[in-house]
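>>> sequence first, predicted model second:
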Amino acid sequence: LLRPAEQALFRRLAVFTGGFSLSAAEGVAADEALSTVDGLGALIDASLLWAERAGDGSTRYQMLETIREFALERLDASDDAAQVRCAHATYFLRLAERNEHASLMPDGDRVLTMLETEHANFRAALNWLDADGEADLLLQFSAALGRFWSDLGHYQEGQDWLSRALSCPPSAARRVARAKAQVSLGMIAVYQGRHHEAEFCLAEGLVDCREQGISFSTGLALIGLAGLATLRRDFTHGSALLDECLVVSRTIEDQRVARIVEGWAFINLAVVARGLGERERAARHLIEALACMRDAGYRSGVMMAMGDLGDVYRDDGDYDLALASYRTALDLGRELASNRVVADIVEAIGIVAFTVGQPERGVRLLGAADALRERLGLHYRVAENDAAVGYVLAGVRSALGQAVFEAHWCAGRGLGPTQMIVTAMEPFATATLAALTPREAEILPLVAAGETDAAIAERLFISVRTVENHVAHILAKLGVRSRMDAARVAGFPGPYDQPR
């Protein structure tokens, strides 16, 4: 039988959802009459609790759900239910506030993993604050979790809680939280493709953040608004907002975070330059961004800049350099397989695959990226990439036929996050027109024009067998399997694959 103090600890621990750490138990359920460690030991001995060791060496405690339901009934029937739930909400609010910028920390991946482990407890605390009418604390908590929801792709959940928290008029003491929440909601709306709402939230948040002197959120709002302006092709306004962001970044006290925000500004200035067709300037901005992100030791930022640099190389037709950049970025993101940047890069490799004559590989990768985007609720793309995806999908359907297209598309969508990255990292040959002999270079445009081998032989005064050999060498050197793919890789218009 449990002693009274152990019974009290048992029912209080039921407030946790999805388990808890020792520090959480001490912060929420501690009792002067009993050492928390001794109490946990007694509950484990009574088979009411079990402990499991995490990969980082920490211990996490769990209750079977049926046991937790019984303990929760006991808690709700006790006099300390409200106090325990308040302590639970307060503990996890403080945890969220201490780690508000978790992804930007030197050990950000570890901290984000820890926060994701506590995700169910965050939800439980938010629900209790909402049900109890604690509008100010709900706003404060939601603002602290804004980056968590955004960084881990919990867009819909973030939208729901931030919208709910912002719907209540806050007290004067929560103006900072409201400003941060507006910017977080605006950035999530950008990713969800809700551009009108994003513009409203970011513009309002920018005004409030400037007034409150919140440099980081000011910079974030400027980046979001610049992204929306660039999507509208208002490059002048977008550039002006990003130039202001560079100035604001210098006012951020934490120099590491300042360098990250500066790097984000350069990445987005590269998007503007790319939209204007100024690829050299885009590449220069991305080199500056890489320097910022490497100085800060910010892996996700390096990954983003490398991916965007790959896009610039792809625009220039340098597919080898593009793939090298994409794969360097993906190698950094192996542990972030559900990240929005990963979706963009896998999609980009799919575009390259199609362009160099590997439509099956391309459609599988585009399908995998589409499935990840669907899971995240991600609808944002840079305009140039959006156009490239549309062009490729139309081209693949035409090249493969609808039935084959759908088979490869579904196969790609069925890939898990790890399989998706492994598939994207697989090497494949890219086209190298420089490897063609003068005679092969002479034959390729005729193949692209749809001429038969016999017609080409007659035109060039050579035998049909010689033409067949040249065509075979062309396909091998370009790393493609069909005349159509060879023509597309070389940039010639159709018709293709005419009877020989």
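Here it is on my side, so go on.

>>> what ranges do the helices span in the stretch 301-450 of the chain?
319-332, 340-355, 359-376, 383-400, 402-413, 417-425, 438-448 (DSSP state H, counting those that start in this stretch).

>>> can you pull the buried residues of the fifth one?
Right, the one you point to is helix 402-413. Counting neighbours by 16 or more other Cβ atoms under 10 Å, one finds that the buried residues in helix 402-413 are 405, 408-409, 412-413. In this view, the C-beta of every residue, glycine as well, is placed from N, C-alpha and C.

>>> in JSON lines, list these along with distance to residue 294 and pLDDT.
Shown next, in JSON lines, are these (distance: Cβ to Cβ, whole Å; pLDDT from 0 to 100):
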{"residue": "405", "distance to residue 294": "40", "pLDDT": "94"}
{"residue": "408", "distance to residue 294": "37", "pLDDT": "96"}
{"residue": "409", "distance to residue 294": "37", "pLDDT": "97"}
{"residue": "412", "distance to residue 294": "32", "pLDDT": "97"}
{"residue": "413", "distance to residue 294": "35", "pLDDT": "97"}
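
>>> tell me the one of the residues you listed nearest residue 131?
residue 413 (38.3 Å; Cβ to Cβ).

>>> next, the angle from the helix or strand containing residue 271 to helix 383-400.
Element membership of residue 271, judged by DSSP states H and E, is helix 255-275. Orientation check (axes from the mean of the first three to the mean of the last three Cα atoms, to 10 degrees): helix 255-275 against helix 383-400 gives 60 degrees.

>>> to residue 180, which of the helices of the stretch 301-450 of the chain lies closest?
Smallest distance to residue 180 across those (Cβ to Cβ): 20.6 Å, for helix 340-355.

>>> following the host helix or strand of residue 158, which helix or strand comes up?
Using DSSP H and E, residue 158 sits within helix 155-166. Using DSSP H and E, the helix or strand that follows helix 155-166 in sequence is helix 175-192.

>>> what is that next one packed up against?
helix 135-151, helix 155-166, helix 195-212, helix 215-231 (3 or more Cβ pairs under 8 Å, 6 or more residues apart in numbering; DSSP states H and E).

>>> could the ones you listed go into a markdown table alongside mean neighbour count?
Shown next, in a markdown table, are the helices and strands packed on helix 175-192 (neighbours: other Cβ atoms under 10 Å):
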| stretch | mean neighbour count |
| --- | --- |
| helix 135-151 | 24 |
| helix 155-166 | 21 |
| helix 195-212 | 19 |
| helix 215-231 | 25 |
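
>>> dump those helices to a markdown table, plus mean pLDDT and distance to residue 329.
Shown next, in a markdown table, are the helices and strands packed on helix 175-192 (pLDDT from 0 to 100; distance: least, Cβ to Cβ, whole Å):
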| stretch | mean pLDDT | distance to residue 329 |
| --- | --- | --- |
| helix 135-151 | 96 | 17 |
| helix 155-166 | 97 | 22 |
| helix 195-212 | 97 | 26 |
| helix 215-231 | 98 | 19 |
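
>>> with distance to residue 183 added, can I get those helices in TSV?
Below are the helices and strands packed on helix 175-192 laid out as TSV (distance: least, Cβ to Cβ, whole Å):
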stretch	distance to residue 183
helix 135-151	7
helix 155-166	10
helix 195-212	4
helix 215-231	5
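
>>> to residue 345, which of those lies closest?
Minimum separation from residue 345 across the helices and strands packed on helix 175-192 (Cβ to Cβ) falls at helix 135-151, 16.7 Å.

>>> tell me what angle that closest one forms with helix 175-192.
Using the same axes, to 10 degrees, helix 135-151 lies at 30 degrees relative to helix 175-192.

>>> before we move on, the earlier item: for residue 264, find the nearest of the helices and strands packed on helix 175-192.
Nearest of those (Cβ to Cβ): helix 215-231, 5.5 Å.

>>> what angle do that closest one and helix 175-192 make?
Using the same axes, to 10 degrees: helix 215-231 against helix 175-192 is 30 degrees.

>>> output helix 215-231 as PDB, nothing but the C-alphas.
Extracted C-alpha coordinates of helix 215-231, given in PDB (Å, rounded to 0.1, in the frame of the first residue of the first chain):
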ATOM      1  CA  SER A 215      14.900  43.300 -32.800                       C
ATOM      2  CA  PHE A 216      14.700  39.600 -33.600                       C
ATOM      3  CA  SER A 217      11.000  39.600 -34.300                       C
ATOM      4  CA  THR A 218      11.300  42.900 -36.200                       C
ATOM      5  CA  GLY A 219      13.900  41.300 -38.500                       C
ATOM      6  CA  LEU A 220      11.700  38.200 -39.000                       C
ATOM      7  CA  ALA A 221       8.700  40.400 -39.900                       C
ATOM      8  CA  LEU A 222      10.700  42.300 -42.400                       C
ATOM      9  CA  ILE A 223      11.900  39.000 -44.000                       C
ATOM     10  CA  GLY A 224       8.300  37.700 -44.200                       C
ATOM     11  CA  LEU A 225       7.000  40.900 -45.800                       C
ATOM     12  CA  ALA A 226       9.900  41.000 -48.200                       C
ATOM     13  CA  GLY A 227       9.100  37.400 -49.200                       C
ATOM     14  CA  LEU A 228       5.500  38.300 -50.000                       C
ATOM     15  CA  ALA A 229       6.600  41.400 -51.900                       C
ATOM     16  CA  THR A 230       9.000  39.300 -54.000                       C
ATOM     17  CA  LEU A 231       6.200  36.800 -54.800                       C
END
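
>>> contacts for the helix or strand following it, please.
Downstream of helix 215-231, the next assigned helix or strand under DSSP H and E is helix 235-249. With contact meaning Cβ atoms under 8 Å, 6 or more residues apart in numbering, helix 235-249 is reached by 215, 218-219, 222-223, 225-227, 229-230, 258-259, 261-262, 264-266, 268-269, 272, 275-276.

>>> what do you get for stretch 369-376?
By Cβ under 8 Å, 6+ apart, stretch 369-376 touches 153, 155, 191, 338, 340, 342-344, 346-347, 350, 378-379, 409, 412-415, 417, 420.

>>> among those residues, which ones are buried?
In the contacts of stretch 369-376, burial by neighbour count holds for 153, 155, 191, 340, 342-344, 346-347, 350, 378, 409, 412-413, 415, 417, 420, counting by 16+ other Cβ under 10 Å.

>>> from the chain's centre, how far out does the helix holding residue 158 sit?
Taking Cα atoms, centre = their mean, to the nearest Å, one finds helix 155-166 lying 18 Å from the centre of the chain it belongs to.

>>> can you list the helices and strands that it packs against?
The contact analysis (3+ Cβ pairs under 8 Å, 6+ apart) places helix 155-166 against helix 135-151, helix 175-192.

>>> turn these into JSON lines, columns for distance to residue 72.
Below are the helices and strands packed on helix 155-166 laid out as JSON lines (distance: least, Cβ to Cβ, whole Å):
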{"stretch": "helix 135-151", "distance to residue 72": "22"}
{"stretch": "helix 175-192", "distance to residue 72": "30"}
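
>>> relative to residue 94, which of these is closest?
helix 135-151 (9.0 Å).

>>> can I get stretch 323-335 as PDB, trimmed to CA atoms?
The C-alpha trace of stretch 323-335 is given here as PDB (Å, rounded to 0.1, in the frame of the first residue of the first chain):
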ATOM      1  CA  LEU A 323      23.600  18.500 -57.500                       C
ATOM      2  CA  ALA A 324      26.700  18.900 -55.400                       C
ATOM      3  CA  SER A 325      25.200  21.800 -53.600                       C
ATOM      4  CA  TYR A 326      21.800  20.100 -53.000                       C
ATOM      5  CA  ARG A 327      23.500  16.900 -51.700                       C
ATOM      6  CA  THR A 328      25.800  18.900 -49.400                       C
ATOM      7  CA  ALA A 329      22.700  20.600 -48.000                       C
ATOM      8  CA  LEU A 330      20.800  17.300 -47.700                       C
ATOM      9  CA  ASP A 331      23.700  15.700 -45.900                       C
ATOM     10  CA  LEU A 332      23.400  18.400 -43.300                       C
ATOM     11  CA  GLY A 333      19.700  17.700 -43.000                       C
ATOM     12  CA  ARG A 334      19.600  14.000 -42.600                       C
ATOM     13  CA  GLU A 335      18.300  14.500 -39.000                       C
END
